[in-house]
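Enquirer: just to be clear, the model below is a prediction. Sequence and coordinates:
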Amino acid sequence: MTELTVIAPDGAGEVRRDDDLAAILVDLLGSATPLADGDVVLVTSKVVSKSEGQVLAGTREESLLGETARVVARRGPTRIVRTHHGFTLAAGGIDASNVAAGHVVLLPLDPDASARALRARLRELTGRNVAVIVTDTAGRPWREGQTDLAVGAAGLRVLEDFTGRQDDYGNDLVITAPAVADELAAAAELAQGKLGARPFAVVRGRADLVLAEDDPGPGAAALVRPEGNDMFGWGAREAVLRALRGDPADRAPFGGAASVAEMTEALTALAGTEPEPDGAGLQLTGSTVSAEAVRALAFAHGWTVATGPGGGRLGLQPTHP
């Protein structure tokens, strides 16, 4: 039998700049529930940011540009952006709740570094080897509601990789890697609650995920997919605009070049005419679809178009970033 215990202590007051979060947690736990080797400590990004001075006067809108690497999608006033950390979050993770009126809380500058510092300080205070997760709340594509996930981590295997193993039926596991750091963050939030003033939690029962004292682990950065590896790099409307505009700077989120077979299928669906092979590329002849439409389609698939000598012939080649 496996047992998982989540402890979210009451009594945390307002966290201010330069407060010692490790000392606050140790005091809250007291002698009744002291930290043990193998515990996973979770702390909300908001109190980490407050202790690091990431509180600014102003509104979300005024701070959003500085937190944005690029806009992923926009619907009315809502913007989903990719932050400089690599996270894709509504409003860049900027929070205007549980903070003085007229102020906002930004994410920590380097959540993994914050987790490493908190882990080291807990080791100094208690002598225990624990892992640390910095959590934040986010929505999920295709799903209503929000859940907590890991934006920073230290001393933790953030992924369990089962690739190459077999299930009980003898089936090979090809792509099976539970994001245990995110799962632990969500479990902790159930005990912390959004309005419970409990920014800390301790999860006990997964010591197998905690790394050696001198091993910080890959951090939560390992959970971020590189630009271009996500199938939803642009929002639906934004993808249309970016493809039509054809700016090379917008190409990366569309991913690598599509295969010849995939491009053939896409061109046939658009033009009603199947293109012909042409070396490593394709030739489209006799289509009534505009060259501009074909160029937009090619751009979105990582291909380029050159008008052939016959005027109505379009040659297409995959790009090689």
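Expert: Right, received. Where do you want to start? Numbering: from 1, shown residues only.
Enquirer: leaving out the residues flanking it, which one is nearest to residue 102?
Expert: Excluding its sequence neighbours, the residue lying closest to residue 102 (CB to CB, 6 or more residues apart in numbering) is residue 57, at 6.0 Å. Heads up, the C-betas are built off the backbone N, CA and C, glycines and all.
Enquirer: pLDDT averaged over the top helix by length along the chain, what's the number?
Expert: Scanning the chain for the helix with the most residues, using DSSP state H, yields helix 111-126. Averaged over helix 111-126, pLDDT sits at 98.
Enquirer: what's the helix or strand just after it packed up against?
Expert: Sequence order places strand 131-140 as the next helix or strand after helix 111-126, per DSSP states H and E. If contacts are counted by 3 or more CB pairs under 8 Å, 6 or more residues apart in numbering; DSSP states H and E, strand 131-140 sits against strand 40-44, helix 45-51, strand 88-90, helix 111-126, strand 143-154, helix 180-192.
Enquirer: need the contact list for the nearest residue to residue 258 once chain neighbours are set aside.
Expert: What sits nearest to residue 258 in space, not counting adjacent residues and going by CB to CB, 6+ apart, is residue 301, at 4.0 Å. By CB atoms under 8 Å, 6 or more residues apart in numbering, the contact set of residue 301 is 254, 257, 258, 262, 263, 266.
Enquirer: likewise residue 192?
Expert: Neighbour list for residue 192: 8, 42, 44, 198, 199, 200, 201 [criterion: CB under 8 Å, 6+ apart].
Enquirer: tell me which helix or strand of this protein sits lowest on mean pLDDT?
Expert: strand 303-307 (a mean of 87; mean pLDDT, DSSP states H and E).
Enquirer: that one: what's the following helix or strand?
Expert: Downstream of strand 303-307, the first helix or strand assigned by DSSP H and E is strand 313-318.
Enquirer: just to revisit the earlier point, so for the residue nearest to residue 102, what's the pLDDT?
Expert: Here the pLDDT value assigned to residue 57 is 96.
Enquirer: run through the bridge partners of it.
Expert: Bridge pairing for residue 57 (DSSP bridges) gives the partners residue 103.
Enquirer: if anything else comes up later, I'll come back, but that's it for now.
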